[in-house]
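K.L.:
Sequence and predicted model, in that order:
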Amino acid sequence: MAVKLRLTRLGAKGKPMYRVVATDSRRSRDGQYLELIGTYAPVGECKVDINDELAIKWLNNGAIPTDTVYSLLKKEGIIEKFNALKKGDK
């Protein structure tokens with residue numbers, strides 16, 4: 001099973017809100033997911049709330065983030081933490 005970190009859409013027309021989730025890559029965009037990692041609200045004041053520990057856990061388990069999720073993780077500094085842990089730094 002290939003696990004991906006990707007967005008699922010919520011919210012009304014013109015007012016999107018997204019969940020960052022770990023899901024099987026074969027599932028539909030808004031289908032079942034394995035675990036909720038965070039939220040992303042791009043409208044108005046851009047709000048990103050991602051749980052660092054869960055994101056790093058899934059990255060360690062081999063989950064592949066989509067391009068958008070990768071940029072959100074990078075913006076939040078999670079990719080740097082993951083790379084530091086991978087190298088053995090603290």
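P.N.:
Yep, that arrived.
K.L.:
Now do the strands in this protein.
P.N.:
3-12, 15-24, 35-41, 47-50, 64-65 (DSSP state E).
K.L.:
chain center to the third one: distance?
P.N.:
Averaging C-alpha coordinates over strand 35-41 and over its chain gives two centres that are 6 Å apart (C-alpha atoms, centre = their mean, to the nearest Å).
K.L.:
before we move on, what about the first one?
P.N.:
When C-alpha coordinates are averaged (C-alpha atoms, centre = their mean), strand 3-12 and its chain have centres 8 Å apart.
K.L.:
ditto for the shortest one
P.N.:
Between the mean C-alpha location of strand 64-65 and the chain-wide mean there is a distance of 8 Å, by C-alpha atoms, centre = their mean.
K.L.:
ok, back up a step: would you turn the strands of the chain into JSON lines with distance to residue 85?
P.N.:
(Glycine included, C-beta is placed from N, CA and C.) As requested, the strands of the chain are exported to JSON lines (distance: least, C-beta to C-beta, whole Å):
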{"stretch": "strand 3-12", "distance to residue 85": "16"}
{"stretch": "strand 15-24", "distance to residue 85": "18"}
{"stretch": "strand 35-41", "distance to residue 85": "17"}
{"stretch": "strand 47-50", "distance to residue 85": "16"}
{"stretch": "strand 64-65", "distance to residue 85": "16"}
